[in-house]
Each structure stands twice: as structure tokens, then as C-alpha cells.
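>>> Provided below are the primary sequence and the corresponding predicted coordinates.
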Amino acid sequence: MNESLINSLKDERERLGLTQAALAEMIGVSRKTINTVENGVFVPSTILALKLAAALDRPVETLFRLADQ
């Protein structure tokens, strides 16, 4: 089963006027982690996805969802 993940992290981050570095600092990860998640290189863990959602004040489903849903 080859599922794809739709990732809206960059759009939501930019909507708030945050840099990758600022978001990374807010949740305690590196800027590179944010970059790799935004570019689909790295699929975030559940904990990381929840931290990102909380930091951006959005439901996790707004940031990440399966392409077929």
C-alpha cells in the first residue's frame, strides 16, 4: 500500500508569518527538521505532528492528511 501524505505545514506556517527557525524554536526541534517535514522528506511522528498543530493553533488534520481522503 503506497499512500501519500498531503502536507500543509508550510502554508500554515507562512500564514502566521513564522520562519522555519521560529517554528522550530517554538517546539524544540531544528530548522532542518521543519524543512524536511515541509518538503515531504520526513513524515513526522505523532508527537511532532501534534506539537506542530498546537504551535500553529490548527487541528493536526489541517496540517497532515492522507491524499485519498
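Thanks, I have it.
>>> CA atoms for contacts and neighbours, from now on please.
Will do.
>>> Lowest average confidence across helices and strands of the protein, where is it?
The helix or strand of the chain with the lowest confidence, counting by mean pLDDT, DSSP states H and E, is strand 5-7 at a mean of 91.
>>> Please point out which parts of that strand sit buried.
6, 7 (16 or more other CA atoms under 10 Å).
>>> Show me what that strand pairs with in its sheet, parallel or antiparallel.
strand 64-66 (antiparallel) (DSSP bridges).
>>> Residues contacting the strand it pairs with, please?
Strand 64-66 is touched from outside by 3, 4, 5, 6, 7, 8, 9, 49, with contacts defined as CA atoms under 8 Å, 6 or more residues apart in numbering.
>>> rewinding a little: show me what the least confident helix or strand of the chain is in contact with.
Looking at what lies outside strand 5-7 - CA under 8 Å, 6+ apart - the contacts are 38, 40, 63, 64, 65, 66, 67.
>>> Of these, which is the most crowded?
Counting neighbours by other CA atoms under 10 Å, residue 63 leads these with 22 neighbours.
>>> got any ranges where the chain has weak pLDDT?
Of all residues in the chain, those with pLDDT under 70 make up the ranges 1-2, 69.
>>> Repeat the analysis, applying 90 as the threshold.
The chain contains residues with pLDDT under 90 at 1-5, 67-69.
>>> Dead centre of it: give me the residue that sits there.
For the chain, residue 9 is the residue whose C-alpha lies nearest the centre (CA atoms, centre = their mean; 4.0 Å).
>>> Touching, that residue and residue 38? I think so.
Yes - with contact defined as CA atoms under 8 Å, residue 9 reaches residue 38; the gap is 5.8 Å.
>>> hang on, the earlier thing: which SSE is immediately downstream of the least confident helix or strand of the chain?
Along the chain past strand 5-7, the next helix or strand (assigned with DSSP states H and E) turns out to be helix 9-15.
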